[in-house]
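**Student:** Model the following, please.
(2 chains)
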There are 2 protein chains.
Amino acid sequence: MTDYRFIRACFRQEVDRTPVWIMRQAGRYMPEYRAVRKKVDFLELCKTPELAAKVTIQPVDRLNVDAAILFSDILTLPEAMGIDLRFGEGMGPKLSPVIRSRSDIDKLKEIDPETSLSFVMETIRILRRELDGRVPLIGFSGSPFTLATYLVEGGSSRDFINLKSMMYREPDTAHALFEKLADAIAVYLNAQIEAGAQAVQLFDTWAGICSPSDFDSFVFPYVKNVVDRLRRDGVPVIYYCKGGSTLLDRMRNLNTDVIGVDWRIEIDDAWKAIGHDRAIQGNLDPCVLFMDQAGIKERVRDILERAGGRPGHIFNLGHGVLPATPVENVQALVEMVHDLSEQRA
Amino acid sequence: MTDYRFIRACFRQEVDRTPVWIMRQAGRYMPEYRAVRKKVDFLELCKTPELAAKVTIQPVDRLNVDAAILFSDILTLPEAMGIDLRFGEGMGPKLSPVIRSRSDIDKLKEIDPETSLSFVMETIRILRRELDGRVPLIGFSGSPFTLATYLVEGGSSRDFINLKSMMYREPDTAHALFEKLADAIAVYLNAQIEAGAQAVQLFDTWAGICSPSDFDSFVFPYVKNVVDRLRRDGVPVIYYCKGGSTLLDRMRNLNTDVIGVDWRIEIDDAWKAIGHDRAIQGNLDPCVLFMDQAGIKERVRDILERAGGRPGHIFNLGHGVLPATPVENVQALVEMVHDLSEQRA
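**Tutor:** Have a look, this model is predicted:
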């Protein structure tokens, strides 16, 4: 494998500058992305490999980030399992039918990535050709817990009452769902790696709503199950859990190369909790990108100082870049991370 | 003051049983509350002292909780400062005009609780007469930061971009807003105490979205400012911050009697972080009340065991009780807390 700065950092090898990429770096904050979206809706964009590849590369061209991340959505996996998926304008995703019983779970189809998710595999193959070694390509999936929230709630949720009720009233049903999703996710991520993904990230957007004991029972075993079945062979694995600051000491028992953290903990405290024998990714508050550039620079410097120049830091936001973010600030951010970390080195 | 179990626990004095009350204990999960709401809308209920007092007492009668909490809404304070407030059916609150500039802030009125919030003061006086020493009455307010989110965003928010942008781009404006709110809150809570509130809780529903350094700059000083100005004289002060598990070591520097914690941290870990020289309130996940009662009992026992029978634990949920909660489970919860803690004692 080409000697990528991002991949080296995942494995805690020395790098010339701190690598940086940005969650949701292909997105609405970028005029060239909006130009593509004028012609196709979001799901159609995910399912048209040439276009998905095109928007994946846009931030690489414009921002000089150290990795590309596959343009897709975590909910294309449930769709491949037989769930109807819609995105309305100005509202979140709607999934139907909702999953509430053992028989609902039994009806979820096993996936065959090269057929039901062929558009993802094809996007990855196009991207590997077109990126041609410039930067590595990150594949991804939602975690079992996070995907389950959408399947059981039928979309986004505030309190996750239906999923938690299932966990609490019919734990066997919840475990069956998490297990089925873990199986599908492992197959899906291995197919992405097979198709050419050079790193994979498991997004756990909602596990942070769990109490520590629920995390132990319902989240951790299934993340571990996925991670342990990945055919890694030089492909680093990242686990990112939003709102998971109190769960970091548990995450260190996952066999991932990198743990991603949000902005609600200082990165030095987070790294201590995770252990310095593990790489860390994060953790600028996405709202900081609404500051002027002098302000952004101060925050970037603070994170780099807290990370202390230790090998194994990948700079990122603590969550996805927000749609209204000024694109020039995102460009400036990447440059700052590179410049400031090079000065340190 | 009558020798209330709840008040004693706030001051870490010995009690016969762990006291328990429930955030949003007067609410839609209760048939007698829904019966009142059939006749009046939410804001009208807040503003009709006889009815507000009536629904405040309903959970005392039905649940046998150890404290009553004034039925009101944190947004009646911004309304008294001159902001228009509406609650639509099935949507969150809408506030207008939104506060975005120094001149918007200058237009916010100083409050005179006995005129612009006289309905609250009257409700408290009625409650003290009607409760007649059965249980103590808790007054409350939103924190400066939490109220600011509503004023600046114009309602509920996901990312709090407008408030954070103000904090980051025009910190002086944000500080002026937090300061003005802190002044109003201190006046408001002191008026509640004067009218008869026997404890007060400051709700910080949204401070948990701050990074630790933003909490230090924009949240902590104004909470401290409020707390330090309260005329306590036997009136305990509670600070509750949702999602604040990583900020507990900072909260210990607030001069409150009690810190309230949500369910995303085990209560023994939280108490360690806060320090055992401070009372703690919490922290059952509200969704646990959707379990069967055997399951609820196991969770209650776990929290009581982690609290370890140490004086200064007030049992509560980690957040407000959810509208669809079975009322009989809430009744059972209170009984369990009392019975299980009495057995320990």
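
**Student:** Show residues contacting stretch A:79-96.
**Tutor:** If you take CB atoms under 8 Å, 6 or more residues apart in numbering or on different chains as the criterion, stretch A:79-96 is touched by A:41-43, A:75-76, A:78, A:97, A:99, A:107-111, A:113, A:116-117, A:150-151, A:154-156, A:184. C-beta coordinates here come from the backbone N, C-alpha and C atoms, glycine included.

**Student:** For it, list every residue counted as buried.
**Tutor:** Using 16 or more other CB atoms under 10 Å in any protein chain shown as the test for burial, stretch A:79-96 gives A:79, A:80, A:81, A:83, A:85, A:87, A:93, A:94, A:95.

**Student:** which of the residues you listed lies closest to chain B?
**Tutor:** Minimum distance to chain B across the buried residues of stretch A:79-96 is 14.6 Å, recorded for residue A:93 (CB to the nearest CB).

**Student:** Quick check on that closest one: phi, psi?
**Tutor:** When read as degrees, to the nearest 10, the backbone of residue A:93 gives phi -70, psi 150.

**Student:** Ok, the one 4 residues further on next?
**Tutor:** With angles defined as degrees, to the nearest 10, residue A:97 sits at phi -70, psi 160.

**Student:** Residue A:9 contacts residue A:310, correct?
**Tutor:** No: between residue A:9 and residue A:310 there is no contact under CB atoms under 8 Å: 10.3 Å.

**Student:** okay, the two: which has more neighbours?
**Tutor:** residue A:9 (28 against 12; other CB atoms under 10 Å in any protein chain shown).

**Student:** Quick check: that one vs residue A:17, distance?
**Tutor:** Applying CB to CB, to the nearest Å, the value for residue A:9 to residue A:17 is 10 Å.

**Student:** Residue A:323 too?
**Tutor:** Distance from residue A:323 to residue A:17, by CB to CB: 28 Å.

**Student:** sec struct for the residue nearest the centre of chain A, please.
**Tutor:** With distances taken as CA atoms, centre = their mean, the residue of chain A nearest its centroid is residue A:203 (4.1 Å). Put simply, residue A:203 is strand when judged by DSSP: H, G, I helix; E, B strand; the rest coil.

**Student:** Quick one: residues contacting it.
**Tutor:** Counting by CB under 8 Å, 6+ apart, residue A:203 touches A:74, A:140, A:141, A:142, A:143, A:146, A:240.

**Student:** what does the stretch 151-300 of chain A have sitting close to chain B?
**Tutor:** Residues of the stretch 151-300 of chain A lying close to chain B by CB under 8 Å from any CB of the partner chain are A:159-161, A:164-165, A:168-169, A:208-214, A:243, A:245-246, A:263-266, A:269, A:285-288, A:290-292, A:295.

**Student:** Would you list the buried entries among these?
**Tutor:** A:159-161, A:164-165, A:168, A:208-212, A:214, A:243, A:245-246, A:263-266, A:269, A:285-288, A:290-291, A:295.

**Student:** follow-up on the earlier one: from the contacts of residue A:203, which would you call buried?
**Tutor:** Here, 16+ other CB under 10 Å leaves A:74, A:140, A:141, A:142, A:143, A:146, A:240 buried among these.
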